[in-house]
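Undergrad: I need the structure of the sequence given here:
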Amino acid sequence: MIFLPFRLLFGALFGLLALVAALAVLPLALVFLVPFLILKFVFRLTAALVVLPLVLVAVVFAALVAATAILLALFVPLLPVLLVVACIWAITRSSRAATAIPN
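TA: Modelled structure (predicted):
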């Protein structure tokens, strides 16, 4: 408890010294940092331009697969009914009753 004023004093003193040093180094850091930020932006833009068409193709393919799955889920249960209708049509198409009255 006796050392608390000394800790506060030295903390404030070194905090102010660090603030002055950081403000002095900031322009120099920005001069060296800006080219790397520009380079990072160029690399990200290039990667986005390369990856974006691949992502669009994948999205279109996924949409086609989803549409096919939905259509199959709707129409596959109707196949037994279609088979029965086709069998009835095949049996009655060549019967005498069907050919006796044309149209």
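
Undergrad: At the geometric centre of this structure, which residue sits there?
TA: residue 55 (7.9 Å; C-alpha atoms, centre = their mean).

Undergrad: Quick check, pLDDT for residue 99.
TA: As predicted, residue 99 sits at a pLDDT of 64.

Undergrad: got it, and residue 29?
TA: On pLDDT, residue 29 comes in at 82.

Undergrad: State the distance from it to residue 43.
TA: According to C-beta to C-beta, to the nearest Å, residue 29 and residue 43 sit 21 Å apart. For glycine as for every other residue, the C-beta is placed from the backbone atoms N, C-alpha and C.

Undergrad: same thing with residue 13?
TA: Taking C-beta to C-beta, one finds residue 13 at 43 Å from residue 43.

Undergrad: so who does residue 67 touch?
TA: By C-beta atoms under 8 Å, 6 or more residues apart in numbering, the contact set of residue 67 is empty.

Undergrad: Tell me how far it lies from residue 27.
TA: For residue 67, the distance to residue 27 equals 58 Å [C-beta to C-beta].

Undergrad: before we move on, what about residue 83?
TA: 81 Å.

Undergrad: One more: residue 88?
TA: As judged by C-beta to C-beta, residue 88 and residue 27 stand 89 Å apart.

Undergrad: ok, now residue 41?
TA: Applying C-beta to C-beta, the value for residue 41 to residue 27 is 21 Å.

Undergrad: same thing with residue 63?
TA: According to C-beta to C-beta, residue 63 and residue 27 sit 51 Å apart.

Undergrad: just residue 68 next, same as before
TA: Distance of residue 68 to residue 27, given as C-beta to C-beta: 60 Å.

Undergrad: host element of residue 9?
TA: Residue 9 belongs to helix 4-75 when assigned by DSSP states H and E.

Undergrad: Give me the average confidence score over the next helix or strand after that helix.
TA: Scanning forward in sequence from helix 4-75 by DSSP H and E, the next helix or strand is helix 79-93. The average pLDDT for helix 79-93 rounds to 91.
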